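K.L.:
Give me the fold of what follows.
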Amino acid sequence: TGADRAALDVAIRLGIPHGGWLPRGRLAEDGWLSKRYRLQEMPTDSYPARTEQNVIDSNGTLIISHGDLSEGSDYTRKMAVKHHRPWLHVDLNKTPAFKAVTLICSWIDENAIEILNVAGPRASKDDQIYPAVLKIIESVHYMELMTTAQPQAVKFQDNSRTSTIKQPETVQEALEILISELPLKE
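P.N.:
Residues are numbered from 1 along each chain as shown. Predicted coordinates:
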């Protein structure tokens, strides 16, 4: 109901493949979890077993909280350490949102994370974690898109030999030339 649900909701809304595990019976803090969340049921109703399996099946674990890790979030960290998976804890009480996004993006890139496990407190323990994680994970997604979709180097024609093309005299003229020459996606 908290951090992990927010990450799943962002994935669904943006069409990002998602998965993972949940306890038998599709149990969540708020009851039965909808099948729109493409999660597999564990053979047990154990939350710790679910947490460990999600750590095992990912390349890295991101834990977002407001404050120190406790209970399930700390257990998630312990499982990441146990299974030698990279993990990052972002305390939003100490890290502003934009800095958190850039930190997360750097960590993902440095550790070549392809399958990300997102964890944190449940909504009943932190009623602000869901909206905070929703915004951060969405921002991380867009930031990653920006860094992986860098436009190719723009090639300009060498006009030094021809006098028919007028060189721009103002910034506005230069912008108009650039806009007319560049493809829309760039």
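K.L.:
Scan this protein for its longest helix.
P.N.:
Taking DSSP state H as the criterion, the chain has its longest helix at helix 129-148.
K.L.:
what's the spacing between the next helix or strand after that helix and its chain's center?
P.N.:
Downstream of helix 129-148, the next assigned helix or strand under DSSP states H and E is helix 171-181. Between the centre of helix 171-181 and the centre of its chain there are 35 Å (Cα atoms, centre = their mean, to the nearest Å).
K.L.:
Okay, strands next: where are they in this structure?
P.N.:
Assigned by DSSP state E, the strands in the chain fall at 21-22, 27-28, 31-32, 40-41, 60-65, 87-91, 116-119.
K.L.:
Just give me the lowest mean pLDDT stretch among the ones you listed.
P.N.:
Among the strands of the chain, strand 27-28 carries the lowest mean pLDDT, a mean of 80.
K.L.:
partners of that one, with directions?
P.N.:
strand 31-32 (antiparallel) (DSSP bridges).
K.L.:
who touches stretch 122-130?
P.N.:
For stretch 122-130, the surrounding residues in contact (Cβ atoms under 8 Å, 6 or more residues apart in numbering) are 1-3, 5-6, 29-30, 64-66, 70-72, 120-121. All C-beta atoms are positioned from the backbone trio N, CA, C, and that covers glycine.
K.L.:
Redo the strands of the chain as CSV? Include mean neighbour count and distance to V101.
P.N.:
Output for the strands of the chain, formatted as CSV (neighbours: other Cβ atoms under 10 Å; distance: least, Cβ to Cβ, whole Å):
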stretch, mean neighbour count, distance to V101
strand 21-22, 18, 27
strand 27-28, 17, 26
strand 31-32, 10, 32
strand 40-41, 14, 29
strand 60-65, 24, 11
strand 87-91, 19, 9
strand 116-119, 25, 13
